[in-house]
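[1] Sequence and predicted model, in that order:
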Amino acid sequence: MNNNAIGVFDSGLGGLSAVKQMLKAMPNENIIYFGDTSRVPYGNRSRATIRKYAMQDANFLLENNVKMIVAACGTVSSVAPDLENTLKVPYTGVVLPTCFTALKESKNGKVGVIGTSATINSHSYKQRIELKNPSVRVFEQDCPLFVPLVENGFIDRNDEVVKLIVKKYMAPLKEAGVDTVILGCTHYPILKDAIQDFMGEDVLLIDSGKETALYTKKVLSENGLSNTSEKTGTAKFFVSDTPDNFEKIASLFLEKDMHNKVSQINIEEY
Ligand code: DGL
């Protein structure tokens, strides 16, 4: 039993797709979330910069005595997989749990992966899937406009701008005949409805946030770190820029009033 918080970070709002599922799967756990909103997006930055940012994000969480760190960010998970080796607490990114589910679920052996440019250029998902099952064909597509869409509140499936950009990125995967698509950036589950509308109901969308939340639960349990308290846990939210925009979009996505619930920190100090 350990009632310290789980530390979760992302470049911005995306990691909330993991938090949303953690609140469902582990309602008694405490959570500390950091969204690096002053430096989002990570996905078009260099490997060295992404690694430096990820280290600072993890340091902030460690200073808050978290018992586990979750990089709820496909970009960090893809570009800095060795972050794990530098931390003294259990760690997970999103790539491993998400690939595991895709391999289990795809029937026709054609899997699409969408992510930021850094993620797609790293081929992190493709390599892991092909290593496990070389007969699976992986079709990769970067979607650099999805993160700015989400961060600017364009998340409605009926918005014409959202529909147009979804079509632009998803059409090649639809043509390839994939039956499963990995939402390999944690921002993308926030656009899930719009992506599903375009791909059709027969295509399974794998939510990297959800798979990571379920995997986190498993890791905590295996390490004897689960919070066995009966009480509902608390979730604290921090960002590196002014909280207003984050609070507005987080309220919509988490279906909770996040007004005045988010604090700003200076991430450069970590
Ligand atoms: N949510 C991050 C990811 O999963 C977004 C990265 C970005 O900031 O570009 O990749």
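    Perfect, I can see it now.

[2] and the protein, which of its residues are near the ligand?
    10-12, 14, 40-43, 73-75, 116, 119, 147, 185-187 (Cβ under 6 Å from any ligand atom). From N, CA and C alone the C-beta is placed, and that goes for glycine too.

[3] switch to 5 Å and redo it
    10-11, 14, 40-43, 73-75, 116, 147, 185-187 (Cβ under 5 Å from any ligand atom).

[4] Go ahead and flag the most central residue of the protein.
    Geometric centre of the chain, nearest residue: Thr186, 2.7 Å, by Cα atoms, centre = their mean.

[5] and Phe237, bridged to which residues?
    Tyr33, Val262 (DSSP bridges).

[6] residue boundaries of the strands in the stretch 1-150 of the chain?
    Assigned by DSSP state E, counting those that start in this stretch, the stretch 1-150 of the chain shows strands spanning 6-10, 31-35, 68-71, 91-92, 110-115, 137-142.

[7] Quick one: list the elements packing against the shortest one.
    With contacts taken as 3 or more Cβ pairs under 8 Å, 6 or more residues apart in numbering; DSSP states H and E, strand 91-92 sits against strand 68-71, helix 208-222.

[8] What sits closest to the residue of the chain most remote from its centre if chain neighbours are left out?
    Relative to the mean C-alpha coordinate of the chain, counting by Cα atoms, centre = their mean, the farthest residue is Glu230 (27.4 Å). In this structure, Glu230 finds its nearest non-sequential neighbour in Asn28, 6.8 Å apart by Cβ to Cβ, 6 or more residues apart in numbering.

[9] And for the one you found, the neighbour number?
    13 (other Cβ atoms under 10 Å).

[10] measure it to the ligand for me?
    26 Å (Cβ to the nearest ligand atom, to the nearest Å).

[11] Also Met68?
    From Met68 to the ligand the distance is 18 Å (Cβ to the nearest ligand atom).

[12] List the contacts of that residue.
    The contact partners of Met68, by Cβ atoms under 8 Å, 6 or more residues apart in numbering, come to 6-7, 89-92, 216, 219-220, 223, 225.

[13] what pLDDT does the closest residue to it other than its chain neighbours get?
    Nearest non-adjacent residue to Met68, counting by Cβ to Cβ, 6+ apart: Pro90, 4.6 Å away. You'll see Pro90 listed with a pLDDT of 96.

[14] could you measure Pro90 against Gly7, distance?
    According to Cβ to Cβ, to the nearest Å, Pro90 and Gly7 sit 11 Å apart.
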